[in-house]
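Enquirer: predicted model follows, preceded by the sequence.
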Amino acid sequence: MEKIAKDVLSSLNKENLNFIPVKTQGYTNYNLIKVGNGFLRPINKELFTFDIDKFSHNFEILEAGIEEVKAQRKEVSPNNIGAIDSALYTLIQSIGLGLDFYTDSNTARKNFGMRFEDFWRCLMNELNITNKPMVLSLPIDHFDHYTCEIDSVLSKDGKIRTTKEMTDANEIYVSLKTTSKDRMAKIFIDKYLLEKFCNGKKLKMIGVFHNDIQRIKNNRISGTFVANNFYIYQKHFLPLDGIYYLDIPKKAKDSWYKDNIKTISTLIFSDIWHLLDSTNHI
């Protein structure tokens with residue numbers, strides 16, 4: 001994916017891109033990008049770089065961090081986490097920009113979701129974490145089943161023990177989405193129903209998102225993260241074991257939210273190893 005990202009950056013750097021500062025309060029760290037009569041997706045200018053040399057440098061720091069945590073298989077504190085966050089964001093966001101530039105909006109939206117899943121799979125493979133998408137069909141009575149698509153099941157020991165009709169309490173169930181818009185509730189409901197139909201077995205489930213912003217007209221951005229709903233689900237319904245973003249919502253910087261919403265770099269260099277090592281009890 002690194003080569004694809006560099007190719008896209010190289011192509012876009014040759015275009016006449018018009019960067020429009022966002023005036024929406026709380027989102028001034030974003031730029032809109034206009035090309036001709038159309039727009040590319042907004043970018044977080046604190047994370048994204050069009051400079052290929054800088055991206056290459058940041059990516060080398062990311063690779064070094066991955067090699068370190070892969071060798072130790074426990075929490076590490078890599079050097080220059082800012083460069084790592086930038087490398088991860090630029091890697092996948094540049095592919096999204098390329099899709100916006102070369103395809104229509106519907107095609108770009110559908111393909112970006114698949115590329116985000118590819119991004120996750122490559123990341124897990126680099127970390128030597130066994131991963132597999134699965135569709136579960138759990139019996140709920142003698143005649144019916146509850147079907148649940150799990151974007152990625154993670155295991156620490158090289159073998160996925162989850163089967164079509166049975167979960168495993170020591171594996172991690174991951175919901176991968178480019179945005180939480182209209183999708184956040186389903187993750188909590190899936191966890192509730194999976195546990196209910198597996199004899200109350202407690203599961204480890206996390207949500208992994210790209211971002212939660214959308215462009216409005218020519219110079220504005222709105223957030224698609226519904227903070228109040230997340231607060232209710234996480235605190236008063238059935239808490240997930242983590243919510244992670246490449247580009248975290250601005251609300252995640254506030255009090256309670258910052259302890260419950262973290263960056264993907266925090267996941268890969270810390271939380272994922274604690275989750276893999278933890279044991280759930282029925």
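Expert: Here it is on my side, so go on.
Enquirer: helices of the stretch 51-200 of the chain, start to end?
Expert: For the stretch 51-200 of the chain, applying DSSP state H, counting those that start in this stretch gives helices covering 52-72, 81-102, 105-126, 184-196.
Enquirer: I'd like those written out as a markdown table, with mean pLDDT added.
Expert: As requested, the helices of the stretch 51-200 of the chain are exported to a markdown table (pLDDT from 0 to 100):
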| stretch | mean pLDDT |
| --- | --- |
| helix 52-72 | 97 |
| helix 81-102 | 97 |
| helix 105-126 | 95 |
| helix 184-196 | 93 |
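Enquirer: first-to-last residue distance for stretch 141-160?
Expert: End-to-end distance for stretch 141-160: 26 Å, by C-alpha to C-alpha, to the nearest Å.
Enquirer: touching that stretch from outside, list them.
Expert: With C-beta atoms under 8 Å, 6 or more residues apart in numbering as the test, stretch 141-160 has contacts from 117, 120-121, 124, 129-140, 161-162, 168, 170-176, 190, 193-194, 197, 272, 276-277. Where C-beta positions appear, they are placed from N, C-alpha and C, glycine not excepted.
Enquirer: so how far is that stretch off the chain centroid?
Expert: 20 Å (C-alpha atoms, centre = their mean, to the nearest Å).
Enquirer: how is the chain partitioned into domains?
Expert: 1-124, 126-277 (the TED database).
Enquirer: narrow the contacts of stretch 141-160 to just the buried residues.
Expert: Buried by 16 or more other C-beta atoms under 10 Å: 117, 120-121, 124, 129-131, 134, 136, 138, 162, 168, 170-176, 190, 194, 197, 272, 276, out of those.
Enquirer: so of these, which ones are in strands?
Expert: Judged by DSSP state E, strands contain the following of those: 130-131, 134, 136, 138, 172-176.
Enquirer: now for those: which two are most distant?
Expert: Spanning the widest gap among those are T130 and L138, at 21.7 Å by C-beta to C-beta.
Enquirer: now render the helices of the stretch 51-200 of the chain as a markdown table, adding distance to K258.
Expert: Formatted as a markdown table, the helices of the stretch 51-200 of the chain follow (distance: least, C-beta to C-beta, whole Å):
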| stretch | distance to K258 |
| --- | --- |
| helix 52-72 | 22 |
| helix 81-102 | 15 |
| helix 105-126 | 23 |
| helix 184-196 | 17 |
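Enquirer: out of those, nearest to F39?
Expert: Closest among those, using C-beta to C-beta: helix 81-102, at 7.8 Å.
Enquirer: export that closest one to PDB, keeping only CA atoms.
Expert: The C-alpha coordinates for helix 81-102 follow below in PDB (Å, rounded to 0.1, in the frame of the first residue of the first chain):
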ATOM      1  CA  ILE A  81       4.400   8.900  17.700                       C
ATOM      2  CA  GLY A  82       3.400  12.000  15.700                       C
ATOM      3  CA  ALA A  83       5.300  10.800  12.700                       C
ATOM      4  CA  ILE A  84       3.600   7.400  13.000                       C
ATOM      5  CA  ASP A  85       0.100   8.900  13.200                       C
ATOM      6  CA  SER A  86       0.900  10.900  10.100                       C
ATOM      7  CA  ALA A  87       2.300   7.900   8.200                       C
ATOM      8  CA  LEU A  88      -0.800   5.800   9.000                       C
ATOM      9  CA  TYR A  89      -3.200   8.600   8.100                       C
ATOM     10  CA  THR A  90      -1.400   9.700   4.900                       C
ATOM     11  CA  LEU A  91      -1.200   6.000   3.800                       C
ATOM     12  CA  ILE A  92      -4.900   5.400   3.700                       C
ATOM     13  CA  GLN A  93      -6.100   9.000   3.100                       C
ATOM     14  CA  SER A  94      -4.000   9.300   0.000                       C
ATOM     15  CA  ILE A  95      -5.700   6.200  -1.500                       C
ATOM     16  CA  GLY A  96      -9.000   7.800  -0.700                       C
ATOM     17  CA  LEU A  97      -7.900  11.000  -2.500                       C
ATOM     18  CA  GLY A  98      -6.900   9.000  -5.500                       C
ATOM     19  CA  LEU A  99     -10.300   7.300  -5.600                       C
ATOM     20  CA  ASP A 100     -12.000  10.700  -5.400                       C
ATOM     21  CA  PHE A 101      -9.800  12.000  -8.200                       C
ATOM     22  CA  TYR A 102     -10.100   9.100 -10.600                       C
END
